[in-house]
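A.B. asks: Predicted structure and sequence below. I'll ask about it afterward.
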Amino acid sequence: MASLLESTIKKQVAAAFKGRLLTGTLRRVGASTTNSYGDPVAGTPATWSFDGIVDMFSAFFVAQAGIPATDVRVLIIAGSLATVPQKDDQVKIRDTWYQLRRLVERDPAGATYIFSGFEIADPT
């Protein structure tokens, strides 16, 4: 459970960056199920908006953290997103889709998430 101070900082960071970064879309496909014949049925996608950016990691950080050199850095302002991002979620920023590979950093106040990700084809 988040502390009072942690939730306050998260809200302040979200308010400070509101409208100053890019607006993105996070897409998560629900768990697949099977129909009455036992055939797989894809889960229903859910989407959320968020504020964030996509840029590159430094070469030094990539080498130290073992991140593929082709991955991008996806920064998400946590207070602008109504869910917690997860590995394999898909995000769209500036008409480009990325799949989140792994959480690289979460600041101590829980105000931002930094993921490594890679470009994917439009999933819709």
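C.D. replies: In hand now; what should we look at?
A.B. asks: how about M56, what does it touch?
C.D. replies: 72-73 (Cβ atoms under 8 Å, 6 or more residues apart in numbering). To be clear about C-beta, it is placed using only N, CA and C from the backbone, and glycine gets the same treatment.
A.B. asks: Please apply the same query to F57.
C.D. replies: Counted by Cβ under 8 Å, 6+ apart, F57 has contacts 65, 67, 71-73, 116.
A.B. asks: Pick out whichever of the residues you listed sits closest to R20.
C.D. replies: R73 (17.6 Å; Cβ to Cβ).
A.B. asks: Helix, strand, or coil at the residue nearest the centre of the chain?
C.D. replies: For the chain, the residue nearest the mean C-alpha position is P85 (4.7 Å; Cα atoms, centre = their mean). With DSSP: H, G, I helix; E, B strand; the rest coil as the basis, P85 sits in coil.
A.B. asks: Check what pLDDT A2 gets.
C.D. replies: You'll see A2 listed with a pLDDT of 58.
A.B. asks: sorry, back to before: neighbour count, pLDDT and secondary structure added to the contacts of F57, as TSV?
C.D. replies: As requested, these are arranged in TSV below (neighbours: other Cβ atoms under 10 Å; pLDDT from 0 to 100; DSSP: H, G, I helix; E, B strand; the rest coil):
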residue	neighbour count	pLDDT	secondary structure
A65	13	93	helix
I67	17	95	coil
D71	21	97	coil
V72	19	97	strand
R73	19	97	strand
S116	24	98	strand
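A.B. asks: Mind picking the two most distant members of the residues you listed?
C.D. replies: Farthest pair in the contacts of F57, by Cβ to Cβ: A65 and V72, 13.6 Å.
A.B. asks: all strands in this protein, in order from the N-terminus.
C.D. replies: For the chain, the strands defined by DSSP state E cover 22-29, 33-34, 40-41, 45-55, 72-77, 90-93, 96-106, 112-120.
A.B. asks: just checking, what packs against the second one?
C.D. replies: Counting contacts by 3 or more Cβ pairs under 8 Å, 6 or more residues apart in numbering; DSSP states H and E, strand 33-34 is packed against strand 40-41.
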